[in-house]
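In: what's the 3D shape of this:
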Amino acid sequence: MNPFSSGTRLRDMIRAIRACKTAAEERAVVRKECAAIRAAVSENDQDYRHRNLAKLMFIHMLGYPTHFGQMECLKLIASSGFPEKRIGYLGLMLLLDERQEVLMLVTNSLKQDLNHSNQYIVGLALCALGNICSAEMARDLAPEVERLLQFRDPNIRKKAALCSIRIIKKVPDLAENFISPAAALLKEKHHGVLITGVQLCTDLCKISTEALEYFRKRCTESLVKVLRDAVNSPYAPEYDIAGITDPFLHIRLLKLLRVLGQGDADASDCMNDILAQVATKTESNKNAGNAILYECVETIMSIEENSGLRVLAINILGRFLSNRDNNIRYVALNMLMKAVLVDAQAVQRHRATILECVKMIVLMSWKSLHGIGRARCSKNTSYNFIHTSPQQKHHSLLKVHFFNGKRPNNSEKHYKSHLEKYKDSDASIKKRALELVFLLVNDSNVKPLTKELIDYLEVSDQEFKGDLTAKICSIVEKFSPEKVWYIDQMLKVLTEAGNFVKDEVWHGLIVVISNASDLHGYTVRSLYRAFQISSEQEILVRVVVWCIGEYGEMLVNGIGMLDKEDPITVTESDAVDVVEIAIKRHTSDITTRAMCLVALLKLSSRFPSCSARIKEIINQHKGNLVLELQQRSIEFNSIIEKHQNIRSSLVERMPVLDEATYSGRRAGSLPTTVSTSKGASLNLPNGVAKPAAAPLVDLLDLSSDDTPAPSSSGGDFLQDLLGVDLALPSLSGTSQAPSSGADMLLDLLSIGTPPVQNNVSTADILSSGTDTKKPVVPLERLSSLSSPLPTQVSSAGASPVMDLLDGLTPNLSTPGDNGPVYPSTVAFQSSSLKIMFNFSKQPGNPQTTSIQATFTNMSSNAYTDFIFQAAVPKFVQLHLDPASSNTLPASGSGSVTQSLHVTNSQHGQKPLAMRIRIAYKVNGQDVLEQGQVNNFPAGL
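Out: Numbers count the residues shown, from 1 in each chain. Alright, predicted model coming up:
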C-alpha cells in the first residue's frame with residue numbers, strides 16, 4: 001500500500017512523522033499526506049473520510065494549516081452513524097471556532113442531533129455547542145438546550161447545564177429563560193449534575209440581577225442544606241478524595257453562597273452556622289481540605305460582617321502561613337492583605353508568622369557559627385577564624401557583630417526549626433509578606449517591626465535588599481515617633497544596605513538632621529562610627545561627608561553628647577581622614593567626590609591646623625579628567641589661598657532646611673515663591689528641576705530649594721548669603737562706586753575692580769556671565785567680566801540682586817501690577833459641549849499659570865456625573881481644583897467652572913500642551929469625549 005494514500009492508517013502516519021530526524025523531513029511527510037487527503041476530498045471518498053479527518057486533526061495539532069478539511073467535518077456530522085458523527089464533531093471543535101462563517105452551516109445539523117433519539121448523539125451535539133457556540137447559534141438553539149435540562153439521563157442534563165453557561169455568556173438576554181430550570185438542578189442527587197447546576201446558578205447571578213434576587217429568596221436555605229449534607233455525609237467511595245466527600249462540590253457551593261451573601265444581611269445570617277461548621281470540621285492536613293478552607297475563608301470575608309467568623313477565618317490563614325507548601329502560604333498572604341483592610345486587629349495576632357515569611361532564608365544556629373570557624377570576642381573585639389574561606393569569615397563576622405559576642409536570646413531550638421523550615425527561599429512569598437508587614441505597621445508596633453526588618457536586612461539576599469530597604473525607609477519616615485529614633489534607624493539601614501537607598505531618602509535624612517539642632521553632635525558621631533564599619537556603602541559615605549563638613553567641630557569637641565552615647569575621641573586629623581578616604585576610594589562616584597571637596601573647603605576654615613593638608617588634597621584634583629571636579633578644585637583652592645578674610649563667612653553652615661516644604665515638594669506640590677517685603681520681588685526657581693545626571697552639592701549651597709526668604713531687599717539677601725557687607729547702588733539713578741564688600745566679591749570671583757559705571761548694580765555684574773540652564777556656574781566664566789562693562793540703565797532703577805548660581809533674569813514689578821494679560825481661548829468644542837480657558841499669572845512667577853475652565857452645555861439634555869480630566873507633558877506640573885458642580889445644565893442656561901494650575905519648568909523654551917477628557921452621563925448613558933489643546937497663548 002502506498003504510505004501516503006488515503007487508506008493509510010493514522011498510526012502509520014504518526015510513525016512516519018516521528019521517524020523524521022529534521023524539521024524539513026517532517027514538513028515533507030506532512031506535505032505529501034496533505035496532498036493525498038486533498039485528492040481524496042476532491043474525489044469525494046466516503047470510505048476513508050473519517051480516517052482522513054483524524055489525520056487532519058493530528059496535523060493541525062502539529063501546527064500546520066488544515067482549512068481545506070473544514071467541509072469534511074460538516075459532511076461527517078450530517079452522516080447518520082455515531083462513529084462518523086463523533087469524528088465530525090471532534091474535528092468541528094478542533095479545526096473551527098466561533099468566528100468561522102462555515103460554522104453557520106452546521107446549525108441545522110446541531111438542531112437535529114439535539115432532538116435525536118440516541119442520547120449519545122445528543123451528548124455529542126451538546127459538547128460541540130458548549131465549545132464553539134456563537135451568539136447567533138445560541139439564539140437559535142437555546143430552546144432545545146433548555147428542554148434538555150430536564151432530560152431523563154443525568155449525563156445529558158449535566159452537559160446541557162454546561163452548554164447553558166456558554167449560551168447565557170454569549171447572549172445575556174436569554175438568562176431569564178434558564179432561572180427556573182437552573183433552580184431545579186439544585187435538588188439533584190447526582191453530584192455531577194449538582195455541580196454543573198451550582199455553576200450555572202453562579203453565572204446567572206453574576207449576569208442577571210433578577211436571577212440574583214430569585215436565588216437569594218428561594219434557594220439560599222436549600223443550598224445551605226446541601227452543603228451541610230456534604231459536610232456530614234458518610235464515606236462514599238465514588239466521591240471520596242483524600243478522606244473528603246466531593247471537595248469540588250464543597251468549593252462550588254461556597255462560591256455560590258459568597259455571591260448570594262455579598263451585600264445581603266439576611267442571606268449572610270442564614271449561612272453563618274454552616275460556614276463555621278465547614279471551617280472547624282474540615283481537615284487541613286490534605287490539599288483538598290486546604291482548598292475548601294480557603295474558599296470558606298474567602299466566603300466569610302466577602303459576606304456581611306460577622307466579627308466572630310472573621311476572626312476564625314483569619315486564624316485559618318494564620319495556620320496556612322505555617323504550612324510547608326509555598327502555594328498555600330502565598331494564597332494566605334494574598335487573602336490577609338485583603339483582610340487587613342477589614343479587621344487589622346485580628347491580622348496583627350499573626351504578625352510574627354508573617355515576619356517569618358519575610359525571613360525565608362536558611363538561618364544559622366549558634367553552633368553552626370562554630371562549625372565554619374571559631375569566633376572569639378575579646379575586650380577589644382578582635383576575631384580569630386580557623387579554616388574558613390573569605391566568604392565564611394565575612395558571614396561569621398556579621399553574625400558575631402549581630403549577636404555582639406553573646407548567645408542569642410532565642411533558643412537554639414528556635415533557630416534549628418528555621419533551618420529546617422526555610423531551606424528553599426521563595427522570592428514571591430517574601431515580597432508579598434513584606435507588603436503585608438507594611439500594611440500592618442502602626443504607631444504602636446513600629447519599633448519592634450522595624451527592628452525585626454533591619455535585623456533581617458543584614459542576612460537577606462542581595463536581590464531582595466532593594467525592596468526591603470525601600471519598605472523600611474518608608475515605614476521609618478511615616479511612623480517615626482521621634483527624630484533620634486528616626487536617625488538611628490536610618491543609620492542602621494545605611495550601614496547595612498546604603499547602596500540600595502534612593503536619593504530622595506537620604507536627601508530627606510539630611511533635611512531631618514539639619515532641623516534637629518540638639519542632635520547634630522550625636523548624629524555626626526554616630527555617622528563617624530558607622531563609617532568605620534561600612535565604608536563601602538556609597539550613600540552612607542555621602543551623608544557622613546556632608547555631616548562632617550557641616551558639624552565637624554562638634555565631632556572633634558564632643559559637643560551635644562547624649563546620655564546613651566559612649567565617649568569617643570576624634571581629632572581634627574581623624575575627621576579629615578574620613579573625607580580623604582572617601583574622596584580617594586576608587587568606587588566613589590562624581591557626586592560623592594564633589595561633596596567631599598565641598599566638605600574639605602568647609603573644614604579648611606573650621607580646622608586651621610589641617611588647612612595645608614586640606615589644600616594639598618584639593619590640589620590633587622586640579623588635573624582631574626572630570627571637568628566638574630577639576631573646576632571645583634581650582635575654585636576652592638583660589639578661595640583658600642586668596643580670600644582668608646571672607647572664607648569663614650563664605651562656608652558657614654547651611655541654613656535650616658524646611659521639612660514641610662521638602663515634604664510637599666516630594667509629594668508634587670506647586671513651587672513656592674520667595675519675595676522681598678518691598679516693591680521689587682525676587683523669584684527663586686524652587687520648581688525648576690535640576691539635571692539628574694549631576695545632583696552635586698553646589699559651591700556655596702545656594703541652589704538649595706529651601707533657601708530662606710530674605711528679610712528685606714535683594715542686597716540684604718546677598719549679604720546674608722555671603723556674610724559680607726554689600727551696599728547696593730541707589731535706585732534714584734545716581735552713579736555710585738561699589739563698596740568694599742562688592743570689591744571683596746569681585747576679588748573672590750577674580751574679576752578685579754571694574755571702573756565706575758552709571759547704574760551698574762551687583763546683580764548686573766553677576767548676570768552677565770550666568771547660564772540659566774545649569775544650576776552650577778563655573779567661576780572662570782565670570783572672569784571674562786574683567787573688561788570694562790557697558791552702562792545698563794533700567795527704567796525702574798537698578799535691578800535687585802539675583803541668585804548667584806541660578807542666574808534668573810530679574811523680574812521687575814511695580815505696585816499694582818497684576819501680571820500680563822492673555823486672551824481667552826476656546827480649548828474644546830463639539831456639537832454639544834464648549835470649553836473656554838481664561839489665563840492669569842501671579843506677578844513674579846512666570847512659570848505658573850492659573851487657568852479657569854468654563855464648561856457650557858449646548859444640548860437640550862442636562863449632563864450629570866460631569867468629570868473633567870487633563871494630562872500634560874513631563875516638564876509640566878498640573879494641579880486640578882474641584883469643579884463648581886458635577887451637573888451641567890442644558891441649553892447653555894448655566895455653566896460649570898474649574899480651576900487649573902500649571903507650572904512649566906521649561907518656560908520660554910517649550911510651549912504648553914494638554915490633552916483633555918470629559919466624561920458625563922446623558923439620560924443614564926455614559927459619554928466620553930476627548931481632545932488636545934494646542935492653542936495656548938504665547939508666553940505660557
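In: contacts and neighbour counts: CA atoms only from here.
Out: Fine.
In: quickly find the element holding residue 885.
Out: If you go by DSSP states H and E, residue 885 is not part of any helix or strand.
In: er, residue 205 I mean
Out: Residue-wise, residue 205 maps onto helix 191-207 under DSSP H and E.
In: CA-only coordinates of that helix in PDB, if you can.
Out: C-alpha atoms of helix 191-207 as PDB (Å, rounded to 0.1, in the frame of the first residue of the first chain):
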ATOM      1  CA  HIS A 191     -23.200  15.200  42.100                       C
ATOM      2  CA  GLY A 192     -22.200  15.700  38.500                       C
ATOM      3  CA  VAL A 193     -25.500  17.400  37.700                       C
ATOM      4  CA  LEU A 194     -25.500  19.200  41.000                       C
ATOM      5  CA  ILE A 195     -22.000  20.800  40.400                       C
ATOM      6  CA  THR A 196     -23.000  22.000  37.000                       C
ATOM      7  CA  GLY A 197     -26.300  23.300  38.300                       C
ATOM      8  CA  VAL A 198     -24.500  25.300  41.000                       C
ATOM      9  CA  GLN A 199     -22.100  26.700  38.500                       C
ATOM     10  CA  LEU A 200     -25.000  27.700  36.200                       C
ATOM     11  CA  CYS A 201     -26.700  29.500  39.100                       C
ATOM     12  CA  THR A 202     -23.500  31.300  40.000                       C
ATOM     13  CA  ASP A 203     -23.000  32.600  36.400                       C
ATOM     14  CA  LEU A 204     -26.700  33.600  36.300                       C
ATOM     15  CA  CYS A 205     -26.300  35.600  39.500                       C
ATOM     16  CA  LYS A 206     -23.300  37.400  38.000                       C
ATOM     17  CA  ILE A 207     -25.200  38.200  34.700                       C
END
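In: chain center to stretch 826-843, what's the gap?
Out: Its chain's average C-alpha position is 34 Å from that of stretch 826-843, according to C-alpha atoms, centre = their mean, to the nearest Å.
In: same question, stretch 342-355
Out: 24 Å.
In: list the buried residues in it.
Out: Using 16 or more other C-alpha atoms under 10 Å as the test for burial, stretch 342-355 gives 343, 346-348, 350-351, 353-355.
In: between the two ends of that stretch, how far is it?
Out: For stretch 342-355, the first-to-last residue distance is 20 Å (C-alpha to C-alpha, to the nearest Å).
In: can you tell me what sits against that stretch?
Out: With C-alpha atoms under 8 Å, 6 or more residues apart in numbering as the test, stretch 342-355 has contacts from 310-311, 314, 318, 321-322, 336, 339-340, 433-434, 436-437, 440, 452.
In: which one (most neighbours) among the residues you listed?
Out: Of all these, the most densely surrounded is residue 433 (27 neighbours; neighbours counted as other C-alpha atoms under 10 Å).
In: if we can go back for a sec, could you dump the buried residues of stretch 342-355 to CSV with secondary structure?
Out: Shown next, in CSV, are those (DSSP: H, G, I helix; E, B strand; the rest coil):
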residue, secondary structure
343, coil
346, helix
347, helix
348, helix
350, coil
351, helix
353, helix
354, helix
355, helix
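In: what is the nearest of those residues to residue 565?
Out: Of all those, residue 355 has the smallest distance to residue 565: 30.6 Å, by C-alpha to C-alpha.
In: confidence score at the closest one?
Out: Residue 355 is assigned a predicted lDDT (pLDDT) of 75.
In: gap between residue 120 and residue 127?
Out: Taking C-alpha to C-alpha, one finds residue 120 at 11 Å from residue 127.
In: compare neighbour counts for the two and give me the winner.
Out: Between residue 120 and residue 127, counted using other C-alpha under 10 Å, the more crowded position is residue 127 (20 against 15).
In: now that one: closest residue in space, sequence neighbours ignored.
Out: Spatial nearest neighbour of residue 127, chain neighbours left out: residue 159 (6.8 Å); criterion: C-alpha to C-alpha, 6 or more residues apart in numbering.
In: tell me who's in contact with that neighbour.
Out: So residue 159 contacts 123, 126-127 (C-alpha under 8 Å, 6+ apart).
In: circling back to that earlier point, got the contact list for the helix holding residue 205?
Out: Contacts for helix 191-207 (C-alpha under 8 Å, 6+ apart): 154-155, 157-158, 161-162, 164-165, 168-169, 172, 175, 179, 182-183, 185-188, 211-212, 215, 248-249, 252-253, 255-256, 259.
In: now a ChimeraX select for only the buried ones of the residues you listed.
Out: Restricted to buried positions by 16+ other C-alpha under 10 Å, the ChimeraX selection for the contacts of helix 191-207 reads:
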select :154,155,157,158,161,162,164,165,168,169,175,179,182,183,185,186,211,212,215,248,249,252,253,255,256,259
